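Colleague: attaching a predicted model along with its sequence, questions to come.
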Amino acid sequence: APKALSAEEVKALIDKKVKFFFLDVREPAEIQALGSMRGYVNIPLSQLGARLSEIPKNALIVTA
C-alpha cells in the first residue's frame with residue numbers, strides 16, 4: 001500500500017541497504033523547472049502505462 005515517507009525514513013532505507021527504485025513520474029517540463037535528484041529514474045506519468053516493464057518487480061518503489 002502507498003505510504004508517504006519522510007526524508008529520515010528514506011535515509012534509513014538507504015542506510016539499511018534496502019533495495020529500492022527511485023521513480024520520478026513528473027513530466028520533463030516539471031523536472032526542468034524544479035530539478036530532480038541524482039538516482040531518480042524519470043518515467044513521466046503520461047508514459048507510465050507503456051513503460052511498466054522498466055520498473056523492477058523486486059524492489060520498493062519510491063516516487064517523486
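Modeller: Received the coordinates, thanks. These numbers come from a predicted model, not from an experiment.
Colleague: which is the succeeding secondary structure element to the longest helix along the chain?
Modeller: Ranked by residue count, the top helix of the chain under DSSP state H comes out as helix 7-15. Downstream of helix 7-15, the first helix or strand assigned by DSSP states H and E is strand 20-24.
Colleague: may I have that next one exported as CSV, CA atoms only?
Modeller: Output in CSV follows, covering the C-alpha atoms of strand 20-24 (Å, rounded to 0.1, in the frame of the first residue of the first chain):
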residue,chain,number,x,y,z
PHE,A,20,14.5,0.3,-3.8
PHE,A,21,13.9,2.1,-7.1
PHE,A,22,13.6,5.9,-7.2
LEU,A,23,10.8,6.7,-9.7
ASP,A,24,10.2,10.3,-10.8
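Colleague: quickly list what the residue nearest in space to the middle of the chain is bridged to.
Modeller: Nearest residue to the geometric centre of the chain (C-alpha atoms, centre = their mean): Leu23, 2.1 Å. Beta bridges link Leu23 to Val41, Thr63 when assigned by DSSP bridges.
Colleague: and it, what's its pLDDT?
Modeller: For Leu23, the pLDDT comes out at 94.
Colleague: which outside residues touch the longest helix of the chain?
Modeller: 5, 20, 60, 62 (C-beta atoms under 8 Å, 6 or more residues apart in numbering). Just so you know, the C-beta spots here come from the backbone N, C-alpha and C atoms, and that holds for glycine as well.
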